[in-house]
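Q: Just a sequence and a predicted model for now, questions to come.
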Amino acid sequence: MPKRQKGNKKGKQSNFAKLSIFQPNKYKFKKTCPLSVKGAPEVDYKNIKLLRKYISENGKILPSRITNVSQKKQRELSLSIKRARNLALI
C-alpha cells in the first residue's frame with residue numbers, strides 16, 4: 001500500500017504560500033479628501049452641520065484615517081470643533 005503524502009506535493013505551492021507580507025500592494029488607490037475637492041464646504045466653527053459629521057457619538061474628534069480628511073484640513077477641523085465646544089455650540 002503506498003504512503004499518503006501530507007500537505008502540498010514537492011515543487012508545488014499554493015498561491016497563498018507565494019504571497020508575502022512585505023510585497024508592495026498593487027491595488028492601492030488614492031483616497032481624496034472630501035473637504036479639499038472643488039465645491040466643498042468651508043471649515044468653520046459656526047458650521048455645526050459639517051462639524052457633526054466628524055465627531056463621534058461620544059463627542060470625540062474622528063481620526064483622519066477613518067474620515068479620509070487631509071492633514072491640513074484635519075488640523076482646521078479639530079481647531080474649529082474645539083472652538084465650537086468652547087462656545088457651547090456643540
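A: Received, thanks. These numbers come from a predicted model, not from an experiment.

Q: From what I see, Val43 and Arg75 are in contact.
A: No: Val43 lies out of contact with Arg75 (CB atoms under 8 Å); the separation is 9.6 Å. To be clear about C-beta, it is placed using only N, CA and C from the backbone, and glycine gets the same treatment.

Q: Tell me which of these two has more neighbours.
A: Val43 (21 against 13; other CB atoms under 10 Å).

Q: Check what pLDDT Ala84 gets.
A: We have a pLDDT of 96 for Ala84.

Q: Run a quick neighbour tally on it.
A: Neighbours of Ala84 using other CB under 10 Å come to 19.

Q: Next: Leu87.
A: 10.

Q: how near is the closest residue to it other than its chain neighbours to Asn86?
A: Leaving out its chain neighbours, the residue that sits closest to Leu87 by CB to CB, 6 or more residues apart in numbering is Tyr45, at 7.2 Å. Note on Tyr45: its distance to Asn86, by CB to CB, to the nearest Å, is 9 Å.

Q: cool, Pro34 as well?
A: Counting by CB to CB - Pro34 and Asn86 are separated by 25 Å.

Q: With Phe29 instead?
A: The gap separating Phe29 from Asn86 is 38 Å, by CB to CB.

Q: With Ala40 instead?
A: 25 Å.

Q: okay, how far is it across stretch 52-64, tip to tip?
A: 15 Å (CA to CA, to the nearest Å).

Q: Mind listing what's buried along that stretch?
A: Across stretch 52-64, burial judged by 16 or more other CB atoms under 10 Å covers 54-55, 61, 64.

Q: where are the low-confidence patches of the chain?
A: Applying pLDDT under 70 to the chain flags residues 1-28.
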